[in-house]
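*Asks:* sequence first, predicted coordinates after that:
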Amino acid sequence: MEETGRCTDGHAPSEYSQDHKPILQQEEIVGHAVRAGYLYSGVADVAALTGDTAYFHALSRIWENMAGRKLYITGGIGSRAQGEGFGPDYELNNHTAYCETCAAIANVYWNHRMFLATGDSKYEDVLERALYNGVISGVSLSGDRFFYDNPLESMGQHARQAWFGCACCPGNVTRFMASVPHYMYATQKNDVFVNLYVQSTAEIETQKNQLEIRQETDYPWDGKISLTIEPKKKQTFALRLRIPGWAQNRPVPTDLYHYVGEGKGFTLTVNGQETDYRMENGYAVVRRKWNKGDRVELNLPMEVRQVEANPQVLDDRGKAAIERGPIVYCIEDKDQPDSTVFNKFIPIGTPMASVCKPETLNGIVGLTGMAKALSRNGDVTDVPFHAIPYSVWNNRGNSQMAVWIPTAPSYARPEPLPTIASKARTLMIQAPIQKDAPESAATEAWAWGVNDQWEPKRSSDTSKPYHYWWLRNGTEETLAYEFDQPYAVSGVEVYWLDFDHYDGNFRVPASWKLFYKDGDSWKEVEATTPYTVDKDRYNRLDFKPVTTTGLKIAAQLQRGESGGVIEWKVIPAK
Ligand SMILES: [Zn+2]
């Protein structure tokens, strides 16, 4: 950085690239999520190699902010599509979660380095959570389709895609998978840390010995882990077996998530005998003289648990997620008898059973129990539900899916009736961003999210799909409905978007107009009420009835500000 405050490559320092202030002064994780994970991985390496405690303290603060306020239950990070980055504390929207596959990978890299610098298993807890959930959800079971973003809820609009042009995630996944063995073990002098449980054989070199460790296990489907220790020479050393946070009643090492109720403990034997161990930094430490063929049996409690989020996470209020071991579950419409997801709630304490399904989704342990379904008239009925690991969702075509499931009827949503708007096709006609481009360069694009019938709670409610005019500011922007047939209509209700973003704020427009389709041209409606631009409510416009096949909003954005629409309803003429 030069004294002018501009970086040497000429770009202005910004939160986007985490150079808004020196790392030593940073308290909060902000900006582009993948860049953040990589940057702090590098800082952790520098801190470890130089023994620089100031860097490490800064990193610890930033990590606490990430793990305590900005970490998805899947281990994903980065809630916002805009800027592919972090939102404010506790903004962990599920439907619109960005959670780039690369960001979950970067989270593994960073946490692995934090572990190496400290020997604390809390970092491995975050690593394992990302590994089994938010990272591998990025790849299809066929291995050739990829998610860029990994939402925790879907109406069926999401799908993994084949190799794509901006191919950061697919290449990153292949690089990452090859690195997984590195995260299993670590050594310190003659001691050995076991961080991950995977059926495997490892050759390990310590300061004064060599050993082979064979793991026999069906983890993560089963909690029984058998380790055979084969030291080249008999030696006294400590075997540090990671007892995952989830097996100690602690889904994450912060107060961001907690289990409902108490869980069972783990058991540990050596050569069939109960053994002395002490807990240290999340590890069961067994220090003894190890001989060839010594057998360690660790049994972790694979119970089905409900998880609740810190109440400050608005989008998870009144909901619970379901976990078993390190695996986060979801419900997908295909497994439900009524083929829907959002009409259901699963009260706290609902009994659930795990079911081995070797034929399903390459072999999974599924979960089942009785949920409640809410109908439009308010009736509640009992329906069986089936849950699958989140990482394998969307492998049987597009589907409704949810990780966070309501626990009470007030948070469930009965299937809404179709409306003129919900049946319409949504599009925008956009001039190129360059000011001097010809009008013919205007493009027509699909828009999304304004007619999904999810009711916004406020103008900054980005928890469900919405439309935004990304990177536009101060311009006139459009959004149109193409109806499935002509309708007589006499009004609209528009819920404007309004929230802060470091790459430009989204504000209600300065003004707007509404047009209807008349043959091939658009004509302005004859409004009988004023055009309003209020925040946090629907802006209703009434007009002289017209029969038309489409409506178009033309919004004049405020100077220097962007904008968007969360929801747009169409009112039929009486
Ligand atoms: Zn990526």
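*Replies:* Now that the structure is in, tell me what you want to look at. Just so we're clear, the structure is a prediction, and the values are computed from it rather than from any experiment.

*Asks:* make it CA atoms for all contacts and neighbour counts henceforth
*Replies:* OK.

*Asks:* all strands of the stretch 51-200 of the chain, in order?
*Replies:* Secondary structure of the stretch 51-200 of the chain (DSSP state E, counting those that start in this stretch): strands at 153-155, 185-188, 191-194, 200-205.

*Asks:* give me the contact list for the second one.
*Replies:* This means strand 185-188. Leu116, Val192, Phe193, Val194, Asn195, Leu196, Thr206, Gln207 (C-alpha atoms under 8 Å, 6 or more residues apart in numbering).

*Asks:* what pLDDT does the fifth one get?
*Replies:* At Asn195, the predicted lDDT confidence score is 98.

*Asks:* same check on the second one?
*Replies:* In this model, Val192 is scored at 98, pLDDT.

*Asks:* repeat that for Gln485.
*Replies:* 97.

*Asks:* what about it, which SS state?
*Replies:* With DSSP: H, G, I helix; E, B strand; the rest coil as the basis, Gln485 sits in strand.

*Asks:* circling back: right, so of the strands of the stretch 51-200 of the chain, which gets closest to Asp542?
*Replies:* strand 153-155 (30.6 Å; C-alpha to C-alpha).

*Asks:* where does the stretch 1-150 of the chain have low pLDDT?
*Replies:* 1-10 (pLDDT under 70).

*Asks:* where do the helices of it begin and end?
*Replies:* Along the stretch 1-150 of the chain, counting by DSSP state H, counting those that start in this stretch, helices occupy 33-50, 53-69, 101-118, 121-129.

*Asks:* what does the stretch 351-500 of the chain give?
*Replies:* 420-423.

*Asks:* residue ranges in it under the pLDDT threshold?
*Replies:* Low-confidence segments of the stretch 351-500 of the chain, defined by pLDDT under 70: 433-435, 437-442.

*Asks:* residues touching the residue in it that the ion sits nearest to, list them.
*Replies:* Of all residues in the stretch 351-500 of the chain, Ser391 sits closest to the ion, at 16.7 Å by C-alpha to the ion. Neighbour list for Ser391: Tyr132, Asn133, Gly134, Ile136, Ser137, Gly138, Val328 [criterion: C-alpha under 8 Å, 6+ apart].

*Asks:* ok, and the closest non-adjacent residue to the first one?
*Replies:* By that I understand Tyr132. Spatially, and ignoring its direct neighbours in sequence, Tyr132 is nearest to Ile327 (6.3 Å; C-alpha to C-alpha, 6 or more residues apart in numbering).

*Asks:* and for that neighbour, the neighbour number?
*Replies:* Neighbourhood size, Ile327 [other C-alpha atoms under 10 Å]: 25.

*Asks:* what's in contact with stretch 199-218?
*Replies:* Under C-alpha under 8 Å, 6+ apart, the answer for stretch 199-218 is 187-192, 197-198, 219, 223-233.

*Asks:* ok, now stretch 132-150?
*Replies:* Stretch 132-150 is touched from outside by 74-76, 97-102, 104-105, 159-163, 169-170, 173, 326-328, 361-362, 389-395, with contacts defined as C-alpha under 8 Å, 6+ apart.

*Asks:* next, the buried residues of that stretch.
*Replies:* For stretch 132-150, a neighbour-count test (16 or more other C-alpha atoms under 10 Å) marks 132-141, 145-150 as buried.
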